[in-house]
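J.: What shape does this take:
(one chain, ligands or ions: 1)
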Amino acid sequence: MENFDTRAIQKLDSAHYLHPFTDSLELSGRGARVIVRGEGIYVWDSEGNQILDAMSGLWCVNVGYGRASIADAVYKQMMTLPFYNSFFNTTNVPAVQLATRLTELAPPGFSRVFFTGSGSEGNDTNLRIVRRYWDLMGYSERHIVISRHNAYHGSTVAGASLGGMAGMHAQGGLPIPGIVHVMQPNYFECGKGMEEEEFGLMAARSLEEKIVELGADKVAAFIAEPIQGAGGVVIPPANYWPEVQRICDKYDILMIADEVICGFGRLGTMFGSTSFGIRPDLMTFAKGVSSGYVPMGGVLVGDRVGDVLVAKGGEFAHGFTYSGHPVACAAALENLHIIVQEKLVERVAETTGPYLKQQFAKLAEHPLVGHANSYGMVAGLNLVRRKGERLHDHELFAPSEGVGMKCRAHMFNNGVIMRAVGDRMIVAPPLVMSTDDIDEMVKRIRKSLDDTLADL
Ligand code: PMP
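T.: Here you go, the predicted model:
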């Protein structure tokens, strides 16, 4: 590793670099951890600590760190054509190849792709597309998009509005008009006094109630993550999605599946929608499409919408300088090649996903863990003060105790990165993990749970 002065970097960091989702004042007192290198499922900080990255960077490094073939593809593309735009009747070869490849990997009925630079821009694009679609169909009143509380759809103005994060809405007068939110299918937090099935139906029917309240002729689309990620790995009851799909069909509401986290193998299917029988009209993608090696995102456009946009729409007045960026497309093409070649989706479905589930079930026996669950390569566990007989009998910690953040600090110190969403600790490990890697991860998690318990 290159030798440099960590303290000097930290000082410059707090003087000049405004971090995303960070209390800069608090961070400047402490100094940021400087991550300098990655290989496989591990990253290293500037002090030489090796840390198992159980969050895949930010739910994105699906193929793991240090992939020379992606670096080679990027280098080659940069030397051939580092940039050209796709405006004004031009195109570039990697963009065409990637659009084609994505439509091959998508469920049937997705013939077209719109590229962006991120998931947020993908969801901004969705908002423009669904409203444009209904205008072109002669239903200009159908402009409202329904989302869910605690959803995460990005941090641009439209992305944060589509998302259901109260803390984001509180800053800057969000959501923008025409976006409303319904209940999230979070049985642990919202289902007290109910059986899981009963709760699943109730959560789905909150969508129907909202549609009826607004009038179906005002509603353009419903947007949702197959499994809510940033909201805390919210795995919905099994009857939730079939009921939501029935409701969208009944009222002819477009379905937008935000696949930014669930896409490209994380749930053991190429797209998370397939895991839950969702039939989306539009799918947002980002993160895993390039494993985060370079920024890349977009929307897979289903034919119901795409055919109308193309046949009737004339010029679509929307796009980004970096839509179809040749270097990002070259990186994504190689990344998708790795995912298919190494059978990472099958590995999650058949081997590592089921193994992770078993190991998290064992973690649920820890005295601090009231509930643990997983799906493919996402998992979470809820820290509780005292365990009760049933799920909703556990005694929880007060939010002010910050137990999740304390636990997260122990995780870092024990060489594993987990994310804390309140007192729910979550993982989304690289899809290249082996069962031995999962054992190592769980060993470090268990030690950190012990250390947290000892603190209390
Ligand atoms: N949608 C979902 C489901 C996400 O998890 C995220 C990012 N965590 C986004 C959208 C936004 O993506 P980006 O940060 O690339 O704009």
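J.: What's the local residue count around R279?
T.: Here the number of neighbours of R279 (other C-beta atoms under 10 Å) works out to 14. C-beta: built from backbone N, CA, C; applies to glycine.
J.: Could you list the contact residues of the chain toward the ligand?
T.: Remark: the part of the chain in contact with the ligand comprises 118-120, 123, 152-154, 225, 229-230, 258, 260-261, 286, 297, using C-beta under 6 Å from any ligand atom.
J.: separation between the residue of the chain found nearest the ligand and P295?
T.: Here the chain gets closest to the ligand at one residue, G119, 2.4 Å apart by C-beta to the nearest ligand atom. Counting by C-beta to C-beta, to the nearest Å, the separation of G119 from P295 is 10 Å.
J.: go on, A379?
T.: Using C-beta to C-beta, we find A379 at a distance of 27 Å from P295.
J.: Looking at the two, which is more packed in?
T.: It is A379, of A379 and P295, that has more neighbours when counted by other C-beta under 10 Å, with 28 against 17.
J.: In this structure the more buried one contacts R424, no?
T.: No: counting by C-beta atoms under 8 Å, A379 stays clear of R424, with 10.5 Å between them.
J.: Spit out the residues that contact the two alike.
T.: Residues touching both A379 and R424 (C-beta atoms under 8 Å, 6 or more residues apart in numbering) are V233.
J.: which ones are touching the spatially most central residue of the chain?
T.: Centroid-nearest residue in the chain, with C-alpha atoms, centre = their mean: I261, separated by 2.8 Å. By C-beta under 8 Å, 6+ apart, I261 lies in contact with W59, E225, I227, G229, A230, G272, K287, G288, V378, A428.
J.: Relative to L58, how far out is it?
T.: 9 Å.
J.: Mind listing the shared neighbours of these two?
T.: Counting by C-beta under 8 Å, 6+ apart, the residues touching both I261 and L58 are K287.
J.: Show the residue spans covered by the helices in the stretch 51-200 of the chain.
T.: 56-59, 68-80, 93-105, 119-136, 157-162, 166-169, 187-190, 196-214 (DSSP state H, counting those that start in this stretch).
J.: Same list as before, those helices that is, but in JSON lines and with mean neighbour count and mean pLDDT included.
T.: Supplementary listing: the helices of the stretch 51-200 of the chain in JSON lines, determined by neighbours: other C-beta atoms under 10 Å; pLDDT from 0 to 100:
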{"stretch": "helix 56-59", "mean neighbour count": "22", "mean pLDDT": "98"}
{"stretch": "helix 68-80", "mean neighbour count": "15", "mean pLDDT": "98"}
{"stretch": "helix 93-105", "mean neighbour count": "18", "mean pLDDT": "98"}
{"stretch": "helix 119-136", "mean neighbour count": "24", "mean pLDDT": "98"}
{"stretch": "helix 157-162", "mean neighbour count": "24", "mean pLDDT": "98"}
{"stretch": "helix 166-169", "mean neighbour count": "12", "mean pLDDT": "98"}
{"stretch": "helix 187-190", "mean neighbour count": "19", "mean pLDDT": "97"}
{"stretch": "helix 196-214", "mean neighbour count": "18", "mean pLDDT": "98"}
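J.: how about those in a markdown table, adding distance to N373?
T.: Conversion of the helices of the stretch 51-200 of the chain to a markdown table gives the following (distance: least, C-beta to C-beta, whole Å):
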| stretch | distance to N373 |
| --- | --- |
| helix 56-59 | 17 |
| helix 68-80 | 32 |
| helix 93-105 | 27 |
| helix 119-136 | 24 |
| helix 157-162 | 26 |
| helix 166-169 | 24 |
| helix 187-190 | 9 |
| helix 196-214 | 11 |
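J.: Could you check the ones you listed and tell me which one is nearest K250?
T.: The closest of these to K250 is helix 196-214. By C-beta to C-beta, the value is 7.9 Å.
J.: After the closest one, which helix or strand is next?
T.: strand 219-224 (DSSP states H and E).
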